[in-house]
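[1] turn this into a structure:
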Amino acid sequence: MASYLILTPPGAPSRSAVSDRYRDETRFIRDGFSWKAFVFPALWMLYHRLWLHAAAAILLQGLAVELIRQPGFFAAGAAILLAVHVLAALEGRHALSQRLIDRGWTMENLVSAHDLATAEQIHFSEVEQEPQQNIHSQNWDITATNTNTSRPGQSFGLPGYDGGR
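    As a prediction, this is how the structure comes out:
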């Protein structure tokens with residue numbers, strides 16, 4: 001099951017007044033591994049307007065390719081290249097959500113669901129729960145319910161200890 005971070009833009013209507021505008025502007029960002037970011041890290045970051053992250057990924061990938069070309073540095077270059085791809089796949093969506101939050105978006109909710117449609121249904125559902133009846137007893141007379149005759153007082157249903165063996 002995946003987690004979806006739900007963000008609303010600044011100035012969006014409140015969740016209580018769910019409208020078409022609220023539904024259209026709400027962003028659902030899946031928390032987890034992104035195959036697109038793994039295969040194409042720099043392009044994925046450019047598409048999502050993560051400019052500095054994309055520039056760093058391009059520079060690190062260029063450095064990794066140069067290290068791969070040098071004799072004796074193949075393992076180091078391959079490790080850097082793999083690290084850039086894995087880091088983009090694991091942390092790219094977090095960087096995207098953080099960029100939106102820094103721009104004034106509000107984190108509305110975090111929903112666990114199997115897919116995006118289910119997450120949207122859970123978030124936008126307006127199921128009103130009826131208030132529960134008062135489940136607490138109104139009459140808590142402890143002396144009336146205490147049936148322990150060996151030791152008077154509160155015993156909470158536990159056997160009393162009167163000091164003897």
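
[2] CA atoms for contacts and neighbours, from now on please.
    OK.

[3] quick one: Arg30 and Asn109, what's the gap?
    When Cα to Cα, to the nearest Å is the yardstick, Arg30 and Asn109 sit 12 Å from each other.

[4] in this protein, which spans are strands?
    2-8, 27-31, 106-113 (DSSP state E).

[5] partners of the first one in the sheet?
    Meaning strand 2-8. Under the criterion DSSP bridges, strand 2-8 sits next to strand 27-31 (antiparallel), strand 106-113 (antiparallel) in its sheet.

[6] any idea which of the ones you listed has the lowest pLDDT on average?
    Mean pLDDT across those is lowest at strand 106-113; the value there is a mean of 89.

[7] before we move on, back to that, next, show the common contact partners of Arg30 and Asn109.
    Leu5 (Cα atoms under 8 Å, 6 or more residues apart in numbering).

[8] so between these two, which is more surrounded?
    Taking neighbours as other Cα atoms under 10 Å, Arg30 and Asn109 compare with Arg30 leading, 22 against 12.

[9] ok, the closest residue to that one other than its chain neighbours - how many residues close by?
    Nearest residue to Arg30, sequence neighbours excluded (Cα to Cα, 6 or more residues apart in numbering): Tyr4, at 4.4 Å. As a burial measure, Tyr4 scores 23 neighbours (other Cα under 10 Å).

[10] so where's the protein uncertain?
    13-22, 126-165 (pLDDT under 70).

[11] tell me where it has helices.
    Listed in chain order, the helices of the chain (DSSP state H) span 20-25, 35-39, 41-47, 51-69, 74-102, 116-124, 142-145.

[12] between those, which one is closest to Pro9.
    Across these, Pro9 has its closest neighbour in helix 20-25 (6.7 Å, Cα to Cα).

[13] returning to that earlier point: ok, the residue nearest to Arg30 touching Ile29?
    Yes. Counting by Cα atoms under 8 Å, Ile29 is a contact partner of Tyr4 at 5.4 Å.

[14] good, wrapping up.
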